[in-house]
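>>> Take a look and give me a structure for this.
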Amino acid sequence: MKNPVACTCTCGVWTPGDTDAPHNDIDNRRITLGNSLTTVTLQVLNRKDSGGGAAPCQSTALQPNVHIISTSFEMPQLKRTRRVWIYLPNDYATNPTKRYPVLYLHDGQNVFDTCTSFAGEWGVDETLSELQQQGLDATGSIAVAIDHGGTDRLNELSPWRNLKLGGGQGDQYVDFLVETLKPYIDAHYRTLTGREFTGIVGSSMGGLISTYAALKYPNVYSKVGVFSPAFWFAQQSLFQYVRQHPAHPDTRFYFVCGTTEGQNMVPLMRAMHDALVRGGVPAANLSFNPQTDGQHSEWFWRREFPAAYQWLSAPPSTQEAAAPLPFSAYATATKEEVLVELPAGLQQAQLTVTDKAGQVMFEAEVGSGDAVKLSGLPRGIYMLRVSAGKYTGVQMLVT
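Prediction:
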């Protein structure tokens, strides 16, 4: 039996990978191996980090929209640090009262800049800017990208262990996103903090952890982009988890992969689609897109991202879903107050904080700009709801 294998050359970690002589990205090499011993010789012409004496790579990150929040952002759940990037919409600086939905993306090296990418970038910054310029994205979105952990990548992007490849730190990673990174982003940037305006996107192992994050934190994410997911990595545990933790029915999942990426790629992606339907997610909230020319590669994910983003940006297709309230609420640095921002024209709303069991811990009438004191509320994770008439919004609150 012959098996196709994709590979590239690195210096012991995912980056820097090799390039052609002028520093252009090259696709993964594809080799078909038979049953007999095969010797393969590969020639490395240059490296991403300007090895070989060539001129340094020129950044393709869209300026001034993209900047690095920190090269060593603290990840207390994992006792590590990481580089974190952010893309701000075209009108962010010129429209100082506007607030925006947020997408969180994994493998941040590959999201904005070809110079830091493994084998090409997704061009998320260019895509979001062009859609906004063309009037195809009425609101615009903030995009936050978290670098992968190099040798810890497989460990962090699966909550379950693969006996041969590792894994098992995915719980701490998604906890970091919800308990540390999202509160920081909401406190420092003009975001719409509710689940209805928060998405998570990833490819390969990033597709696996994005799916898991949406299942573990249904009140955080409502939009999930799943590109060429590595469901095989923890197949049995993942499908057991989705049975035990059905997705929020108002969550939209966009699945895309190539039909020749591997014999299990499409069947496992279809199995996840069907498991979500059985768990109560309407078929209209699931988009299933196997592509005959698709490959396990950044060029393919870049090509498919615009369609995924536009589909995910549409409202959920359930009659039960309340009209989403575009509000913002986040705890102050001391965790003793919650700052609330309501949409223009709305004078007052009802704020309710409940614990994990659904018990009401705090209620108050709030106006835009109010700082609500959380007197006596123990430190922890709660659900916060803001309602006004037929509009409502929910999110996690970390105190």
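
>>> shouldn't residue 204 be in contact with residue 232?
No - using C-beta atoms under 8 Å, residue 204 is not in contact with residue 232, being 10.5 Å away. In this view, the C-beta of every residue, glycine as well, is placed from N, C-alpha and C.

>>> which of those two has more neighbours?
Between residue 204 and residue 232, residue 204 has the larger neighbour count (other C-beta atoms under 10 Å), namely 21 against 15.

>>> pLDDT score assigned to that one?
Here the pLDDT value assigned to residue 204 is 97.

>>> repeat for residue 335
84.

>>> which ones are touching it?
374, 379, 398-399 (C-beta atoms under 8 Å, 6 or more residues apart in numbering).

>>> What is the nearest of those to residue 215?
residue 398 (19.0 Å; C-beta to C-beta).

>>> Distance of that closest one relative to residue 148?
Residue 398 sits 24 Å away from residue 148, going by C-beta to C-beta, to the nearest Å.

>>> who's more crowded, those two?
Neighbours were counted for residue 398 and for residue 148 using other C-beta under 10 Å; residue 148 has more, 25 against 17.

>>> How about the contacts made by that one?
Counting by C-beta under 8 Å, 6+ apart, residue 148 touches 14, 106-109, 156-157.

>>> With adjacent residues omitted, what lies nearest to residue 131?
residue 137 (4.0 Å; C-beta to C-beta, 6 or more residues apart in numbering).

>>> related to what we said a few turns ago, in strands, which of the contacts of residue 148 appear?
With DSSP state E as the criterion, strands contain none of these.

>>> Closest to residue 179 out of those?
The nearest member of the contacts of residue 148 to residue 179, counting by C-beta to C-beta, is residue 156 at 15.1 Å.

>>> Can you get me a residue count around the closest one?
Residues lying near residue 156 (other C-beta under 10 Å) number 28.

>>> Can you tell me, leaving aside adjacent residues, what's nearest to it?
residue 173 (4.4 Å).

>>> Make sure I have this right: the one you found is in a strand.
No - Residue 173: not assigned to a strand; according to DSSP: H, G, I helix; E, B strand; the rest coil it is helix.

>>> State the distance from it to residue 239.
For residue 173, the distance to residue 239 (C-beta to C-beta) stands at 20 Å.

>>> Tell me where the longest strand sits in this structure.
Counting by DSSP E, the longest strand found in the chain is strand 66-75.

>>> got the buried residues for stretch 153-169?
Neighbour-count burial for stretch 153-169, counted by 16 or more other C-beta atoms under 10 Å, picks out 153-162, 166-167, 169.

>>> Now render those as a markdown table, adding distance to residue 195 and pLDDT.
Rendered in a markdown table, the data for the buried residues of stretch 153-169 read as follows (distance: C-beta to C-beta, whole Å; pLDDT from 0 to 100):
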| residue | distance to residue 195 | pLDDT |
| --- | --- | --- |
| 153 | 27 | 97 |
| 154 | 28 | 97 |
| 155 | 27 | 96 |
| 156 | 23 | 97 |
| 157 | 22 | 98 |
| 158 | 23 | 97 |
| 159 | 20 | 97 |
| 160 | 25 | 97 |
| 161 | 29 | 95 |
| 162 | 30 | 95 |
| 166 | 31 | 93 |
| 167 | 27 | 94 |
| 169 | 24 | 97 |
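
>>> quick one: which of the residues you listed sit in helices?
Judged by DSSP state H, the subset of the buried residues of stretch 153-169 located in helices is 153-156.

>>> What is the burial count for the residue nearest to residue 81 when sequence neighbours are not counted?
Closest residue in space to residue 81, ignoring its immediate chain neighbours: residue 72 at 3.9 Å, by C-beta to C-beta, 6+ apart. Close neighbours of residue 72, defined as other C-beta under 10 Å, add up to 10.

>>> And the helices in the stretch 1-150 of the chain?
Using DSSP state H, counting those that start in this stretch, the helices assigned to the stretch 1-150 of the chain run over residues 124-133.

>>> just for it, where's the confidence low?
For the stretch 1-150 of the chain, the stretches flagged by pLDDT under 70 are 1-54.

>>> Pretty sure residue 372 sits against residue 336.
No - Residue 372 sits out of contact with residue 336 when judged by C-beta under 8 Å, with a separation of 10.0 Å.

>>> ok, those two, which is more surrounded?
residue 372 (19 against 14).

>>> Would you mind giving the secondary structure of that one?
With three-state DSSP as the basis, residue 372 sits in strand.

>>> beta partners for it?
With DSSP bridges as the criterion, residue 372 is bridged to residue 338.

>>> Apart from its neighbours in sequence, what residue is nearest residue 179?
Nearest residue to residue 179 in three dimensions, chain neighbours excluded: residue 398, at 5.1 Å (C-beta to C-beta, 6+ apart).

>>> Equivalent analysis for residue 289, please.
Nearest non-adjacent residue to residue 289, counting by C-beta to C-beta, 6+ apart: residue 256, 4.2 Å away.

>>> Which parts of the stretch 1-150 of the chain are strands?
3-7, 18-19, 29-33, 46-47, 66-75, 80-87, 102-105, 142-146 (DSSP state E, counting those that start in this stretch).

>>> cool, the stretch 201-350 of the chain as well?
Under DSSP E, counting those that start in this stretch, the stretch 201-350 of the chain gives strands at 223-227, 252-258, 286-291, 323-324, 328-331, 337-341, 349-354.

>>> Extract the CA atoms of the longest one and return them as CSV.
Included here for strand 252-258 are C-alpha records, laid out as CSV according to Å, rounded to 0.1, in the frame of the first residue of the first chain:
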residue,chain,number,x,y,z
ARG,A,252,-22.0,28.4,13.9
PHE,A,253,-19.3,25.9,12.7
TYR,A,254,-17.6,26.2,9.4
PHE,A,255,-15.7,23.0,8.3
VAL,A,256,-13.4,23.0,5.3
CYS,A,257,-10.7,20.5,4.2
GLY,A,258,-9.2,18.9,1.1
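
>>> and that strand, how far from the chain's centre?
Put simply, strand 252-258 sits 13 Å off its chain's centre (C-alpha atoms, centre = their mean, to the nearest Å).

>>> now the angle from that strand to strand 286-291?
With axes from the mean of the first three to the mean of the last three C-alpha atoms, to 10 degrees applied, the angle from strand 252-258 to strand 286-291 works out at 10 degrees.

>>> by contact count, what packs against strand 252-258?
If contacts are counted by 3 or more C-beta pairs under 8 Å, 6 or more residues apart in numbering; DSSP states H and E, strand 252-258 sits against strand 223-227, helix 265-278, strand 286-291, helix 298-312.
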